[in-house]
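Colleague: Next come a sequence and a model predicted from it.
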Amino acid sequence: RWLFNRAVCTLYAFCGVLFGLCSLTSLTVLSTVCCLKVCYPAYGRCWGNKFSPCHAGVLLLCVWAYALMFATAPLAEWGSYGPEPYGTACCITWKASNREATLYILALVIFCYLLPCLLILVSYSMILWTVRVSRRAVRQH
């Protein structure tokens with residue numbers, strides 16, 4: 001069973017969601033940046049073709065803001081945190097009790113799982129396709 005009080009359960013679940021979303025969102029941003037650099041090397045030349053620490057900082061800030069937006073939603077009572085079914089840990093309450101909770105879970109699945117997975121899949125597919133086309137061009141010459 002969960003050994004601590006409701007506040008610790010909420011904090012535990014919040015941290016799990018926040019860091020999990022940061023991780024997947026970071027991988028999504030990384031795959032997208034790699035795709036832009038490999039598939040569209042001329043992209044960004046008007047700002048200088050170099051990926052600077054400032055660019056990285058802005059992207060990290062966006063990743064954390066995106067994750068915070070979804071992780072804090074249950075704290076604002078759009079969705080909720082609670083004990084897992086086995087009661088040994090805490091996470092998002094997946095059994096929606098009202099319309100708002102259902103909408104939160106739907107938004108979470110779409111924007112924090114399906115969309116990032118699709119972007120990662122498309123990015124790496126485009127990279128593989130670009131490498132394959134480049135290899136063919138090199139062989140022909």
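Modeller: Received, thanks.
Colleague: which element follows whichever helix in the chain runs longest toward the C-terminus?
Modeller: If you go by DSSP state H, the chain has its longest helix at helix 6-39. The first helix or strand that comes after helix 6-39 along the chain, using DSSP states H and E, is helix 53-72.
Colleague: now Tyr43: how far from Cys9?
Modeller: Distance, Tyr43 to Cys9, using CB to CB, to the nearest Å: 45 Å. (Glycine included, C-beta is placed from N, CA and C.)
Colleague: sorry, that was for Ile120
Modeller: Ile120 sits 31 Å away from Cys9, going by CB to CB.
Colleague: returning to that earlier point: between Tyr43 and Cys9, which one's more packed in?
Modeller: Using other CB atoms under 10 Å, the more surrounded residue of Tyr43 and Cys9 is Cys9, with 19 against 12.
Colleague: for the more buried one, what are its contacts?
Modeller: Applying CB atoms under 8 Å, 6 or more residues apart in numbering, we find Cys9 in contact with Trp2, Tyr81, Gly82, Pro83, Cys90.
Colleague: how about Val63, what does it touch?
Modeller: Val63 neighbours (CB under 8 Å, 6+ apart): Cys22, Thr25, Ser26, Val29.
Colleague: any idea how far it is from Thr10?
Modeller: In terms of CB to CB, Val63 sits 23 Å off from Thr10.
Colleague: so Phe14 makes contact with Leu75?
Modeller: Yes: between Phe14 and Leu75 there is a contact under CB atoms under 8 Å: 6.8 Å.
Colleague: what sits in contact with each of those two?
Modeller: Common contacts of Phe14 and Leu75, defined by CB under 8 Å, 6+ apart, comprise Tyr81.
Colleague: ok, these two, which is more surrounded?
Modeller: Phe14 (19 against 14).
Colleague: And for the more buried one, nearest residue in space, chain neighbours not counted?
Modeller: With sequence-adjacent residues excluded and distances taken as CB to CB, 6 or more residues apart in numbering, Phe14 is closest to Ala71, at 5.7 Å.
Colleague: Tell me how far the residue nearest to the spatial centre of the chain lies from Pro83.
Modeller: Closest to where the C-alpha atoms of the chain average out (CA atoms, centre = their mean) is Thr25, at 2.3 Å. Counting by CB to CB, the gap from Thr25 to Pro83 is 26 Å.
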